[in-house]
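In: got a predicted structure here, sequence first:
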Amino acid sequence: MPGNPGSINQANVDLFKAKAKPASIEVVVVKDLKAALDYAIEVTEKTELGKLMPTTPGLSPPDDPNRKKTLAAPSISDEHFKLLSQKGEAKGFEMVRSKLRNHLAGIDVAFTVADLGISETATCVSENNSEDYRLATMICETHVLALPMNKLVKTSYEAEDFLIKAMDKDNNYTSFISGPSRTADIERVLTLGVHGPLYMHVALLEE
Amino acid sequence: MAESMKSYHNSLKEALDDSFLRKTLDKFAVQYKANRAMIFADMNAKELISEIADNKDQAMLHIEALYQQFVEQASKKGVHVHRARTAQEANDIICAIAKENNVRTIIKSKSMTAEEIHLNHSLEAAKMIVNETDLGEWIIQLRHEGPTHMVMPAIHLSRYQVADTFEDATKSKQDSDIEKLVKVARRELRVHFAGSDMGISGANFAIASNGSIGICTNEGNGRLTTTLPRVHVAICGIDKLVPSIKDALRIIRVLPRNATAQAITTYVSWITGASECTLNDDQKKIIHVVFLDNGRIDLLKDPKCREVLRCVRCGACANVCPVYRLVGGHRMGYVYIGAIGLILTYFFHGHDRAKNLVQNCIGCEACKDICAAGIDLPGIIQEVRARLNEEEGSPITSTLLAKVMANRPLFHTLLKFGKFAQRPVTSGNFVRHLPTIFAGDQSFRALPAIASRSFRDRWPSLETASQGSVKIGLFAGCAQDFIYPEQLESAVRLISAKGGAVDFPLQQSCCGLPLQMMGERKAAIQTAKANVDAFESAKVDHIMTLCASCANHMKEHYTELTGDDPSYKEKTAQYLSKIIDFSSLMKNVFKFSKDDFNNQGQKVAYHSPCHLCRGLGVTQEPRALINMAGEYVPTPEEDVCCGFGGTYSVKFPEISGTLLAHKLDGIEESEAKPKLLVTDCPGCVMQLRGGEHKRSDRVKVQHISEFLDLNLKKK
Ligand code: SF4
Ligand code: SF4
């Protein structure tokens, strides 16, 4: 059952990993959320400094070679953000937690936590009524998602209960994300990162 | 404005000459099929599709209740719900929303419904700036073109054309590297995303139980369009209403798999109520949902065509259509493309626009076989033709033919007369010069001559048993009776070799498929009844056809065609239950085996007739039989239409000829280089043999009955 702590279905974990590959998702297994934060730092460190884009007509992108890498984590707890910030700032990253609208030119990495995973399609499900959550995960070049293993279900039908609860609310935006943004609109050649992330990582949490 | 048939033919010619388009669509057609098979490998696609069909049908029956429930739920949560009866009304509603919210700039994520009502025109006329954000849509918007595929709207364009378009749009030099082009779009469109007041999206489904909508995209432009601007308008057909989340999940399971052979689209956004938007004072999105009727509710009341409302817009019916593959979307639809496009153009965009388009279906059933919602697309295309005929009067040739064919003795007399008339013009078994009544250029194939003695004339002198283990009734079909009687004679010999008895009721007529294809309903009914009557008194165990098209047409349509007369109910059911195709009869009833044949190991290619493999679902039997008397060698795309399609090949010789050439090239160039091609439909024999005759008969073409008969061990 989704959300039943402690019960990890290894078959679902394996299936998720297998289905992540064709979806261009990089999967790692880490111990817990704290370890996932470390992973986000590691990924940010390794990524190339993203190219910013103009967001206002007529303005060219800020071309500052000394620009800091940005790491946004809009939806994690105060405690976890503090932890992440300490590590990020030590590495010289700009840490962002809110007002993502001020960053539409792009950020380097976004870190978020998924509420549920669907193994059959390597899908991360999250309630993201928060505008910042949605924006961070669209304007980043790399999206790192933490997904607790015990929240993996096999098929989308098993996500029904979760969705019913979410959509019962007055205001809700729930997203299925199953890889980086992709297009095949030019000559049917698969190209990643058309509007959203170019890369997606999922850190599966053992606990 | 109605396009003339002549100018339609001209545009077909143009498309056929577009080598980029041809290459792209050929490659796509082949890859799509292989990828789709893979993505459905671990699930039961047929079952899933029939669930979708049932659920959509149920939803349609309760559409008003679903709509009420959606309105109630969504309004409670702060969504403004509108219902537009016509395209104009929908445009007005959306323009009014824009004005009311002081909107100047708009971004759109892909919506076929918005295309259907030409929303951009209306918004632009109201002085709004509109930018498409789906990459393909944006490209064609910049080029002022319509889409050529429902899922991949710019599939007809090369990277070089896209680079040129982007050069014009950005006023700077662009590389033709695809990755770089995609980056250009990302950069340019991000500016529009950031600066727009309103986002317009479609919706793949609207869930009544909680007033939510769902949007599937791969690019993520749907998620940005519904997140960044302060106002969001979703527009969808009223047919997108489903009762519950489970129904939506089911659609998501099949839609991306069928559309692009993906397990799921990268993004699915489920939107309920007014989600957070920091641009508005109350921190909430201004959200409107517009349901479009535009003829859908009338369609609901149309029992013959209403199943088109099941469509989930996966685009697969174009992906597998052999005609689409040759001519692309601009000639195979208007806004909606492919088989569903031919139909929806008639219902949504007027009869004038549809009238040439609906003729351009060869009836191969590939679309029906693949449809995510199990819609009988070719059947509905025929129905639309019939309606157009009724509205506008049939073309004279079609009326004449209908009259003649409904009258069996007259038809058969004419066929016999035809044999004398053609004498001076035949050479061997082919017609040397075609009478000029045939439209268009038929030079791509030789046409067969009418046999000097029809099967019905030969029948009395054939040696057959009237008593036996099983009694087989022969349904001859026109082609075999009058053109290829030897194929029937072969079948009779094979049946007799296994001790079967044979009967041939002489009152039988044409199966009526050509009439159905031309939309000549009345005549189709008369021939159906004549055939049911003809076999009623002959006490046979099976009714065998050598023509899959006849069998398929009878099975598909006779119940409905004879349905107006209750006295036919029982006998039609009896008749249909006895119909069997030649290969199934030989393999499964007479249990032919290797021991029955002299097998010289001859390499044999097989062409899988549309109406046999898809219509009747027979695929293994003919190949197994070939292997008994020779060596079956696989050749490319065996189940793609040969281009015959009955009267289609006369109406659209340019397409029929190209399909034929593709088929024969594939066989001649295949690794095994077979010198014999076998098939089990006389129409396909006619087409393939006619084509090979023009190529100096490099490959011999036989009906499977002839092939087996030739290799049968003499006892
Ligand atoms: S029946 Fe064949 S030719 Fe006609 S629309 Fe369907 S796929 Fe195309
Ligand atoms: S008619 Fe069927 S195959 Fe064609 S787009 Fe609709 S659902 Fe897909």
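Out: Cool, the structure landed. Ligands and ions are numbered 1, 2, ... in the order given.
In: so after the longest helix seen in chain B, what's the next helix or strand?
Out: For chain B, the helix reaching the highest residue count under DSSP state H is reported as helix B:19-39. Using DSSP states H and E, the next helix or strand after helix B:19-39 towards the C-terminus is helix B:45-61.
In: quick one: buried residues of that following helix?
Out: Counting neighbours by 16 or more other Cβ atoms under 10 Å in any protein chain shown, one finds that the buried residues in helix B:45-61 are B:45, B:48-49, B:51-53, B:55-56, B:59-60. Every residue, glycine included, has its C-beta placed from N, CA and C.
In: quick one on the thing from earlier: which strands and helices sit next to the longest helix of chain B?
Out: Judged by 3 or more Cβ pairs under 8 Å, 6 or more residues apart in numbering or on different chains; DSSP states H and E, helix B:19-39 is in contact with helix B:245-260, helix B:316-319, helix B:322-327.
In: now the angle between helix B:19-39 and the first one, please.
Out: What separates the directions of helix B:245-260 and helix B:19-39 is an angle of 130 degrees, with axes from the mean of the first three to the mean of the last three Cα atoms, to 10 degrees.
In: quick one on the thing from earlier: and of the helices and strands packed on helix B:19-39, who's closest to B:K33?
Out: helix B:316-319 (8.1 Å; Cβ to Cβ).
In: identify the residues contacting that closest one?
Out: By Cβ atoms under 8 Å, 6 or more residues apart in numbering or on different chains, the residues outside helix B:316-319 that reach it are B:28-29, B:32, B:36, B:149-150, B:258-259, B:324, B:329, B:332-333, B:337-341, B:367, B:370-372, B:377.
In: still on that earlier bit, mind putting the helices and strands packed on helix B:19-39 into TSV with distance to A:F111, mean pLDDT and mean neighbour count?
Out: TSV is the format used below for those (distance: least, Cβ to Cβ, whole Å; pLDDT from 0 to 100; neighbours: other Cβ atoms under 10 Å in any protein chain shown):
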stretch	distance to A:F111	mean pLDDT	mean neighbour count
helix B:245-260	27	96	23
helix B:316-319	38	96	30
helix B:322-327	44	94	26
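In: how about those, which one is nearest B:K183?
Out: Closest among those, using Cβ to Cβ: helix B:245-260, at 21.9 Å.
In: does B:G202 touch B:S109 like I think?
Out: Yes. In this structure B:G202 lies within contact range of B:S109 using Cβ atoms under 8 Å: 7.1 Å.
In: name the residues contacting each of the two.
Out: In contact with both B:G202 and B:S109: B:I215, using Cβ under 8 Å, 6+ apart.
In: residues in contact with the residue nearest the centre of chain B?
Out: Centroid check for chain B by Cα atoms, centre = their mean gives B:C367 as the closest residue, at 3.4 Å. By Cβ under 8 Å, 6+ apart, B:C367 lies in contact with B:316-318, B:320-321, B:338-340, B:377-378.
In: who are the contact partners of the closest residue to B:A126 other than its chain neighbours?
Out: Nearest residue to B:A126 in three dimensions, chain neighbours excluded: B:C95, at 4.7 Å (Cβ to Cβ, 6 or more residues apart in numbering or on different chains). Shown in contact with B:C95 (Cβ under 8 Å, 6+ apart): B:122-123, B:126, B:128.
In: wait, is B:C95 part of a strand?
Out: No. Going by DSSP: H, G, I helix; E, B strand; the rest coil, the assignment for B:C95 is helix, not a strand.
In: where in chain A is pLDDT low?
Out: Scanning chain A for pLDDT under 70 picks out A:1-6, A:55-63, A:65.
In: B:E463 contacts B:S496, doesn't it?
Out: Yes. Using Cβ under 8 Å, B:E463 is in contact with B:S496, at 7.4 Å.
In: more neighbours: which of the two?
Out: Shown here are B:E463 and B:S496; by other Cβ atoms under 10 Å in any protein chain shown, B:S496 has more neighbours (17 against 7).
In: next one: the more buried one from ligand 2, what distance?
Out: 45 Å (Cβ to the nearest ligand atom, to the nearest Å).
In: over to B:A446?
Out: B:A446 is 36 Å from ligand 2, by Cβ to the nearest ligand atom.
In: quick check, pLDDT for that residue.
Out: pLDDT for B:A446: 82.
In: quick check, the longest strand belonging to chain A touching chain B?
Out: Taking DSSP state E as the criterion, chain A has its longest strand at strand A:140-148. No. Figure legend: strand A:140-148 not in contact with chain B (Cβ under 8 Å from any Cβ of the partner chain); closest approach 10.4 Å.
In: now for that strand, which elements pack on it?
Out: Using 3+ Cβ pairs under 8 Å, 6+ apart, strand A:140-148 is in contact with helix A:33-46, strand A:107-113, strand A:123-127, strand A:199-205.
In: go with 10 Å
Out: In terms of contacts (3 or more Cβ pairs under 10 Å, 6 or more residues apart in numbering or on different chains; DSSP states H and E), strand A:140-148 is packed against strand A:25-30, helix A:33-46, strand A:70-72, strand A:107-113, strand A:116-118, strand A:123-127, helix A:131-139, strand A:199-205.
In: other SSEs contacting the helix or strand following that strand?
Out: As assigned by DSSP H and E, the chain's next helix or strand after strand A:140-148 is strand A:152-153. Applying 3+ Cβ pairs under 10 Å, 6+ apart, we find strand A:152-153 packed against helix A:10-20, strand A:116-118, helix A:160-168.
In: given strand A:152-153, what are its sheet partners and their directions?
Out: Using DSSP bridges, strand A:152-153 pairs in its sheet with strand A:116-118 (parallel).
In: could you pull out the buried residues of the strand it pairs with?
Out: Within strand A:116-118, the residues that count as buried by 16+ other Cβ under 10 Å are A:116-118.
In: so how far is B:L515 from the closest residue in space to B:E536 that isn't next to it in sequence?
Out: Once flanking residues are discounted, B:E536 sits nearest to B:K571: 5.4 Å by Cβ to Cβ, 6+ apart. Counting by Cβ to Cβ, to the nearest Å, the separation of B:K571 from B:L515 is 21 Å.
In: higher neighbour count, those two?
Out: Set B:K571 next to B:L515 and count neighbours by other Cβ under 10 Å: B:L515 wins out with 27 against 15.
In: what pLDDT does the closest residue to that one other than its chain neighbours get?
Out: Nearest non-adjacent residue to B:L515, counting by Cβ to Cβ, 6+ apart: B:A524, 4.1 Å away. The model reports B:A524 with a pLDDT of 90.
In: setting aside sequence neighbours, what's the nearest residue to A:D32?
Out: With Cβ to Cβ, 6+ apart as the criterion, A:D32 has its nearest non-adjacent residue at 5.1 Å, and that residue is A:E207.
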